[in-house]
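Asks: Below is the structure, and that's it, no one-letter string:
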């Protein structure tokens with residue numbers, strides 16, 4: 001399915017074995033572990049100086065309340081991971097840095113997706129700080145989720161854009177995606 005989709009394969013990696021894909025599919029959306037919660041809490045630091053009027057208004061995130069979507073990842077993503085378990089590709093002006101099985105969950109927790117964009121999950125970046133995101137708030141259509149794009153520094157539904165209806169549509173597109 002993925003042979004010939006990308007014009008450039010900057011970093012094609014060995015494909016994930018089927019068992020590794022199945023393990024990701026079974027475990028990616030499990031509840032956060034105590035270790036994950038503790039690591040997230042350690043990162044929560046008030047960004048305002050004590051003299052700022054905003055200092056007292058700061059409220060740290062509460063990772064105990066976070067939840068990943070209770071849906072399966074699309075099979076097209078599994079096929080991509082079996083083709084290259086992560087890696088960097090390009091089609092036209094579109095650049096893709098796909099998360100492999102080992103970093104998929106960690107990347108979503110590092111960028112705090114369950115807090116800022118609940119019901120979604122990031123699967124790649126574009127090399128310029130933008131995430132490609134499965135929108136899992138609605139059931140998949142023909143096994144695919146709509147794909148959103150949002151910037152790392154501004155994760156949220158207000159400023160994200162829908163860029164494709166499927167993985168293949170996204171990856172076959174050649175034009176640069178306009179982001180507000």
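Replies: On my side now, so go ahead. Everything numeric in this text was worked out from a predicted model, so none of it was measured. Residues are numbered from 1 along each chain as shown.

Asks: hey, where'd the strands end up in this structure?
Replies: 8-12, 87-91, 94-98, 120-125, 130-135, 146-151, 161-164 (DSSP state E).

Asks: between those strands, which gets nearest to residue 24?
Replies: Taking C-beta to C-beta, strand 120-125 is the member of the strands of the chain nearest to residue 24, at 11.0 Å. C-beta here means a position set from N, CA and C on the backbone, and glycine is covered the same way.

Asks: can you pull the pLDDT of the closest residue to residue 99 other than its chain neighbours?
Replies: Spatially, and ignoring its direct neighbours in sequence, residue 99 is nearest to residue 107 (5.1 Å; C-beta to C-beta, 6 or more residues apart in numbering). We have a pLDDT of 97 for residue 107.

Asks: And for residue 116?
Replies: 97.

Asks: Kindly provide the distance from it to residue 151.
Replies: In this view, residue 116 and residue 151 are 11 Å apart by C-beta to C-beta, to the nearest Å.

Asks: ok, back up a step: which one of the strands of the chain lies closest to residue 37?
Replies: Nearest of the strands of the chain (C-beta to C-beta): strand 120-125, 18.3 Å.

Asks: Distance from that closest one to the middle of the chain?
Replies: Between the centre of strand 120-125 and the centre of its chain there are 1 Å (C-alpha atoms, centre = their mean, to the nearest Å).

Asks: Repeat that for stretch 74-94.
Replies: On the basis of C-alpha atoms, centre = their mean, stretch 74-94 sits 13 Å off its chain's mean C-alpha point.
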